[in-house]
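Q: fold the stuff below for me.
(chains A and B)
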Amino acid sequence: MATVEQGVGGGISFGLTDEQKALRELAREFAEKEIRPKEAEYDENQTHPADVIAKAHEVGLMNLHVPEAYGGAGLGCFDGLLVGEELYWGCSGIGTSITCNGLGAGPVVAFGTDEQKRRWLSPLLEEPLLCSFGLSEPNAGSDVSGIQTTAVRKGDEYVINGSKMFITNAGHAAWVVVFASTDKGKGHKGMSAFVVPTELEGVVVEQHLVKMGQRSTDTSAIAFNDVVVPAANRLGEEGEGFKIAMTVLDFTRPGTAIGAVGVARAAFEHAAEYSKERVAFGQPIAMNQGINFLIADMATKIEASRLLCWQAGWLIDQGQRATLQSSYAKRFSADSAMEVTTDAVQIFGGYGYMKEYPVEKLMRDAKLFQIYEGTSQIQRLVIARELLMPK
Amino acid sequence: MQHKVSEGIGFEPTDEQRELQALAHEFAERELRPIAAEWDERDEFPPDLLAKAARLGLTSYAVPAEYGGGGVGAVTAALIAEELSWGCAGLASTIQATMFLVRPLVRFGTREQQDRYLPRLASEEGCLAAIAFTEAHAGSDVAAIGASARRDGDSYVLSGEKVYITNGGIAELTIVFAKLDGAITAFVVEKEDPGVSAGRKERKLGLRASYTGSLVLDEARIPADRLLGEEGQGFLVAMDFFELSRPQVAAAAVGVARAAFEAATAYARERTAFGRPLIAKQGVSFKLAEMAMEVEAARLLVWRAAAAIDAGRDAGLLGSFAKAFAADTAMRVATDAVQVLGGSGIMRDQPVEKWLRDAKVFQIVEGTSEIQRQVVATYLRHGWTERPRE
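A: This is a model prediction of the structure:
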């Protein structure tokens, strides 16, 4: 079951190519120059980072996975991780806003016809348009099959009714991929996916949600009241919606997990630096095992998290099934980020609790990684199933 | 002062304790819970709340009865502290700060100081109080404080700045620790004393309804009778204070943990997914089970430390057990409670994310969890269970 043995030859290596290093450097510099200066203010005021998104678009750090044929960079999952870690290191709220198109456009990239790809993907490269992934509902989070949004076929169109909850960027998206039931009797096998432009009549952004962390990401409740879309907006066949959702989430899971690594790394860097400067009882606090052991554990968790993410990304790029490894990566990275950021606040002591210092925000941001894109509990469920009932 | 302590081992509050606990709980439910989110968001303390609490005796319960207070012991105080923090840790923190001044005054104050200040602390109008150790370069390392005091005729003149003080700079009465001839000494400072002013107010992760700010002493002149204890006795006053405050703050941590645990359990019983309530899944129910156990254990450690105090015994080791365990538990439990609530757990319209933000502070104030471990380690190294009294 050891993953390394199922690889595609070529031996094992942990080194990046020069190209990959350059890509990561580009992202790191962007994060440092464009994201970090806005981090605290946008978090405090819950500001949607339209300006940073526009800059990221200009510099080519958005829509990385859109195939070259449609104007995108056509990057694989792994290279996306190199960018993602840096953007989230900058600020996970802003980072999520920038990278969310990967999730929103994912269904089109994976299941769209050539025409659908041209129609929906190419415009994303021309201007900084946003798209969202509309799966979750008030009564259906982990239990995706419980969604109640419906899409009723009427001639050449579908009429969509329902509401989605906790949707990233919905308040600013040009279109949303909406997962709706076209056949209630079939449960999750009766789910279909539709591209729904937000300008259509009946699409209502109901509420921008106020969150504990990642506050500069717009998270909204969005309702669909008798929204009419052409059948041409349906992705794949009727009944393929669940498969589409799960396939896309499999691809984006390592990308979310690496975000947790970015946040954890930021917290660790701040804490390690502080521990060398802060003097108590006559020496830097880093000299105490009570502190330096914490730091040692933080670093270890971050390293292990990153390697799990890299493994999942690499497997995906090899065209292999990576459900187990993606879940390892997401579960471990998210839980680690929560522990690491909590310990970072602890190392800062009283200062760590104050908004003037950057670590309390990181702790608030970290929590969400354990919840979205599959809670840590769902990840464990998936892992257990993969191990005990392998396909 | 000693309080009635039962013989043998017991775990049941007395009728009197139950009454006070119920009083505090009702106040928490009726007055604190409904306003907690709003004042957390506002980053302010509601102006009329302290008086409301004071009129019910919820600020004066530790003041000796002869001075108009409740005269309760540490165990009873812990019961009250848990309920108030269950309501809202931020609002409770401000209310409870009044009680912190009682022990230093009773143990180290002159008769005149007790006559002058204890009735004020018991006032039904509410008395905003503070105790000020921390400075920018001296948190855990209390001995490293730089605030200074010098004798000048009939007065002491104090200079320095205390930071991150609950009610710092706005309190009517503050016990301040400064170095006199290089030795830490305790003083009672009043808001109107010349040279005393409020520095800046801090913005915090949690406990936001509680005012945290700095107290600036700029050649502040106070009469000589404000010396608390003897010159150079300040470190002892501080350590004695922590012996009581640690279990009390630990009790507050238990309150937050309990609130989070209750909300998570209620949610898990109602929320369905995959055809059943969440609580039917071991991934969730085992978490709740651990939360329940830890909250119970934390409370018992608090009670044990408080009972030692009431019996007039050294409670340093037990207090550090209680503080470290309760604080770490509150953080773990609150974090897991948000997790059980899933997406709604991080939304501000549910109280659990606030409890997570509030919980973190307990691992830091009143001696960080690391310092508590250091205290325990010191006892172990010397082979003590109680520190020998000099």
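Q: please list the residues of the stretch 1-150 of chain B that sit near chain A.
A: B:134, B:137-141, B:143-144 (Cβ under 8 Å from any Cβ of the partner chain). (Glycine included, C-beta is placed from N, CA and C.)
Q: what about 6 Å?
A: B:139-141 (Cβ under 6 Å from any Cβ of the partner chain).
Q: pLDDT wise, what is A:E32 at?
A: At A:E32, the model reports a pLDDT of 98.
Q: what about it, how many neighbours?
A: Neighbour count for A:E32, taken as other Cβ atoms under 10 Å in any protein chain shown: 13.
Q: restrict stretch A:154-173 to CA atoms and write it as CSV.
A: Output of stretch A:154-173 as CSV, limited to C-alpha atoms (Å, rounded to 0.1, in the frame of the first residue of the first chain):
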residue,chain,number,x,y,z
LYS,A,154,-38.9,22.3,-20.1
GLY,A,155,-38.3,21.8,-23.8
ASP,A,156,-34.9,23.1,-24.5
GLU,A,157,-34.4,24.6,-21.1
TYR,A,158,-34.1,23.9,-17.5
VAL,A,159,-35.8,25.8,-14.7
ILE,A,160,-33.7,25.9,-11.6
ASN,A,161,-35.0,26.5,-8.0
GLY,A,162,-33.2,26.3,-4.8
SER,A,163,-30.6,27.9,-2.6
LYS,A,164,-26.9,27.4,-2.1
MET,A,165,-25.0,28.2,1.0
PHE,A,166,-21.3,29.1,1.8
ILE,A,167,-20.4,29.7,-1.8
THR,A,168,-17.0,31.4,-2.3
ASN,A,169,-17.1,34.5,-4.6
ALA,A,170,-20.8,34.0,-5.4
GLY,A,171,-21.4,37.7,-4.7
HIS,A,172,-19.0,38.6,-7.5
ALA,A,173,-19.1,35.7,-9.9
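Q: picking that back up, out of the residues of the stretch 1-150 of chain B next to chain A, which is most surrounded?
A: In terms of neighbour count, B:G139 stands highest of these at 25 neighbours, by other Cβ under 10 Å.
Q: hmm, back to that, turn the residues of the stretch 1-150 of chain B next to chain A into a markdown table, including pLDDT, distance to B:V365 and secondary structure.
A: Output for these, formatted as a markdown table (pLDDT from 0 to 100; distance: Cβ to Cβ, whole Å; DSSP: H, G, I helix; E, B strand; the rest coil):
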| residue | pLDDT | distance to B:V365 | secondary structure |
| --- | --- | --- | --- |
| B:G139 | 96 | 10 | coil |
| B:S140 | 96 | 11 | coil |
| B:D141 | 95 | 15 | coil |
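Q: of the residues you listed, closest to chain A?
A: Nearest to chain A among the residues of the stretch 1-150 of chain B next to chain A is B:D141, at 3.9 Å by Cβ to the nearest Cβ.
Q: what are the phi and psi values for the residue lying closest to that closest one once chain neighbours are set aside?
A: Distances taken as Cβ to Cβ, 6 or more residues apart in numbering or on different chains place A:A280 nearest to B:D141, at 3.9 Å, with adjacent residues excluded. When read as degrees, to the nearest 10, the backbone of A:A280 gives phi -150, psi 140.
Q: look up how far B:V196 lies from A:A280.
A: Applying Cβ to Cβ, to the nearest Å, the value for A:A280 to B:V196 is 27 Å.
Q: B:I279 too?
A: Applying Cβ to Cβ to B:I279 and B:V196 gives a distance of 54 Å.
Q: now A:G60
A: From A:G60 to B:V196 the distance is 58 Å (Cβ to Cβ).
Q: so the two - more neighbours on which side?
A: More neighbours surround B:V196 than the other of A:G60 and B:V196, with 20 against 15 (other Cβ under 10 Å).
Q: hang on, that one packs against B:A220?
A: Yes. B:V196 lies in contact with B:A220 (Cβ atoms under 6 Å); the separation is 4.8 Å.
Q: overlap in contacts of those two?
A: Among the neighbours of B:V196, none is also in contact with B:A220 (Cβ atoms under 6 Å, 6 or more residues apart in numbering or on different chains).
Q: which SS state does the most centrally placed residue in chain A fall under?
A: The centroid of chain A falls nearest to A:T256 when counting by Cα atoms, centre = their mean (3.6 Å). Assigned by DSSP: H, G, I helix; E, B strand; the rest coil, the conformation of A:T256 is helix.
Q: got it, and B:L207?
A: coil.
Q: likewise B:A78?
A: For B:A78, the assignment made with three-state DSSP gives helix.
Q: ok now do it, which residues does it touch?
A: Counting by Cβ under 6 Å, 6+ apart, B:A78 touches B:251, B:302, B:306.
Q: let's see 7 Å
A: Contact analysis of B:A78 by Cβ atoms under 7 Å, 6 or more residues apart in numbering or on different chains lists B:247-248, B:251, B:302-303, B:306.
Q: which of those residues sits closest to chain A?
A: Of these, the one sitting nearest to chain A (Cβ to the nearest Cβ) turns out to be B:Q248, at 18.8 Å.
Q: can you pull the pLDDT of the closest one?
A: So, for B:Q248, pLDDT stands at 97.
Q: how about the nearest residue to it, chain neighbours excluded?
A: Nearest residue to B:Q248, sequence neighbours excluded (Cβ to Cβ, 6+ apart): B:A81, at 5.2 Å.
Q: same check on A:E86?
A: In space, A:E86 comes closest to A:A27 once its chain neighbours are excluded; the distance is 3.7 Å by Cβ to Cβ, 6+ apart.
Q: can you tell me how far the one you found is from chain B?
A: Distance, A:A27 to chain B, using Cβ to the nearest Cβ, to the nearest Å: 26 Å.
Q: contacting residues around stretch B:14-22?
A: B:13, B:61, B:72, B:76, B:79-80, B:83.
Q: by neighbours, which of the residues you listed wins?
A: Ranked by the number of neighbours (other Cβ under 10 Å), the contacts of stretch B:14-22 place B:I80 first, at 30 neighbours.
Q: which residues touch the closest residue to B:V365 other than its chain neighbours?
A: Spatial nearest neighbour of B:V365, excluding adjacent residues (Cβ to Cβ, 6+ apart): B:V249 at 6.5 Å. Each residue near B:V249 by Cβ under 7 Å, 6+ apart is listed here: B:323, B:362, B:365-366.
Q: farthest-apart pair in these, please.
A: Largest separation among the contacts of B:V249 by Cβ to Cβ: B:K323 and B:V365, giving 9.5 Å.
Q: same drill for these two, tell me which one is more crowded.
A: B:K323 (33 against 25).
Q: what is the three-state secondary structure of B:E124?
A: On the three-state scheme (three-state DSSP), B:E124 is labelled coil.
Q: ok, it touching B:R55?
A: Yes. Using Cβ atoms under 7 Å, B:E124 is in contact with B:R55, at 5.1 Å.
Q: thank you, goodbye.
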